[in-house]
Every structure is written in structure tokens, then in C-alpha cells.
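Student: Next comes the sequence, and after it the predicted model I'd like to discuss.
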Amino acid sequence: MPIDAKQAAKLLAAAQALDAVAVREVLLAIPGCKAGPEESIDYLGSGLSYARLTIRPKAIHVDNNCGLKDLLILQAAIAEAFGSAYIRDLQSGQLHDVDSYTQWWQKPL
């Protein structure tokens, strides 16, 4: 079950700052990732799946055209290296773990 937008905003405000160098190292080690413009990281997944990742002080912004499988590859690498990692839906403001994001992704439009 996702975390609602109001609670998500509180959690994000209290989040610790990221170590941008360590995050960049982890992301660049993911197969399909390479350095992009202006310190971003570009990811090329399966088929036409791609993303541009930008490391921000407390989050990694993912501008993407990825399927579920590729987004979860990125999320898993971050979670493995740093512990909990959630996906924030910018439209609803909700935070998702792997299960709730998978359920959200698979629901009918």
C-alpha cells in the first residue's frame, strides 16, 4: 500500500542528504547506465526503455520512459546499496515500495 502524499511530504522533508558521489558510483555500475550531460546519468534498458537520472540533495529524480522491469532494476540497485528506497509518483505525491508500485503499474488505466 502506498504512503499518501501528506505523509510522504513529511518523510521527504526529514530525509537525510544523499552522498552524491556514492550514489553516482552505484548508478554508473548498473548495466545500461552511463554518464549523461550536466552530471546526470543516462540509463538504456530493454527495448526502447530509457531514463535520465539526476541526483538531488535528498532524492534521485528519474525522468523516464521505462517499463516496470527497468524502473525496478534501478530501484533495486539503490536499495541494495543504501537500504530503503522508495519510488515517488510525482503526479499523486505518493511513495511506493516495490509491491505497491508493481500493483499500481499493473492496474488498468
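Tutor: Noted; the coordinates are in hand. This one's a predicted model, so the numbers in the text were calculated from it and none came from an experiment. Numbers count the residues shown, from 1 in each chain.

Student: Just the helices from the protein, written as ranges.
Tutor: Using DSSP state H, the helices of the chain run over 5-14, 20-28, 68-82, 98-106.

Student: what does the third one contact?
Tutor: Here helix 68-82 makes contact (C-beta atoms under 8 Å, 6 or more residues apart in numbering) with 22-23, 26-27, 29-30, 43, 45-46, 49, 51, 53, 60, 62, 64, 66, 85, 87, 98, 101-102, 105-106. No exception for glycine: its C-beta is placed from N, CA and C like everyone else's.

Student: out of these, which are buried?
Tutor: Those of the contacts of helix 68-82 that meet the buried threshold are 23, 26-27, 30, 43, 45, 49, 51, 53, 60, 62, 64, 66, 85, 87, 98, 101, by 16 or more other C-beta atoms under 10 Å.

Student: list the contacts for Lys27?
Tutor: Just so we're on the same page, residue 27 is Leu rather than Lys. Per C-beta under 8 Å, 6+ apart, neighbours of Leu27: 33, 41, 43, 53, 55, 60, 74, 77-78.
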